[in-house]
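Colleague: Would you be able to build a 3D model of this:
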Amino acid sequence: MKRILPIILLILMVVFIASFVYSLMAERGDKINRSQISEYKYVASRLKEPFHYPTCRWAQKISEENLIGFKTRQQALDSGRRPCKVCKP
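Modeller: Just a heads-up that it's a prediction; the model follows:
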């Protein structure tokens, strides 16, 4: 029992830190809906790391509630995201 407790605490700490980092990433893009997508050069999910061109097949799978936009590539990079490996923005 004494060996399990530190492992559980470590797992909880990792989950907390990961959720905190994702919440910080989510705040850096503009929350948008599908009708506004043409105003942004890049889009991403608030929950995932890569950013995409709006025409990318992976960008089109992002749910509207998680869709965020970036006007510049630098904004997307500054938010801690990486370019999509498919559309290569």
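
Colleague: quick one: residue 32 and residue 70 touch, right?
Modeller: No. Here residue 32 does not reach residue 70: they are 9.8 Å apart, not a contact under C-beta atoms under 8 Å. Every residue, glycine included, has its C-beta placed from N, CA and C.

Colleague: So for these two, which residue has more residues nearby?
Modeller: For the pair residue 32 and residue 70, the greater number of neighbours falls to residue 70 (23 against 17), based on other C-beta atoms under 10 Å.

Colleague: list the contacts for the more buried one?
Modeller: Contact partners of residue 70, counting by C-beta atoms under 8 Å, 6 or more residues apart in numbering, are 29-30, 40-44, 51, 76, 79.

Colleague: And for residue 36?
Modeller: Contacts of residue 36 by C-beta under 8 Å, 6+ apart are residue 69.

Colleague: Mutual contacts of residue 32 and residue 70, please.
Modeller: 40, 43.

Colleague: And the average pLDDT for stretch 17-37 is what?
Modeller: Average pLDDT, stretch 17-37: 71.

Colleague: Just the contacts of residue 70: which are in helices?
Modeller: Judged by DSSP state H, those include residue 76 as members of helices.

Colleague: Could I have the ChimeraX command that selects the buried members from the contacts of residue 70?
Modeller: In ChimeraX, a selection of the buried entries from those looks like this (16 or more other C-beta atoms under 10 Å):
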select :29,40,41,42,43,44,51,76,79
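
Colleague: from the contacts of residue 70, which two are the most distant?
Modeller: 41 and 79 (13.8 Å; C-beta to C-beta).

Colleague: Now do the strands in the protein.
Modeller: 30-31, 42-45, 50-52, 67-70, 82-83 (DSSP state E).

Colleague: Tell me which strands the last one pairs with, and in which orientation.
Modeller: If I follow you right, that is strand 82-83. strand 50-52 (parallel) (DSSP bridges).
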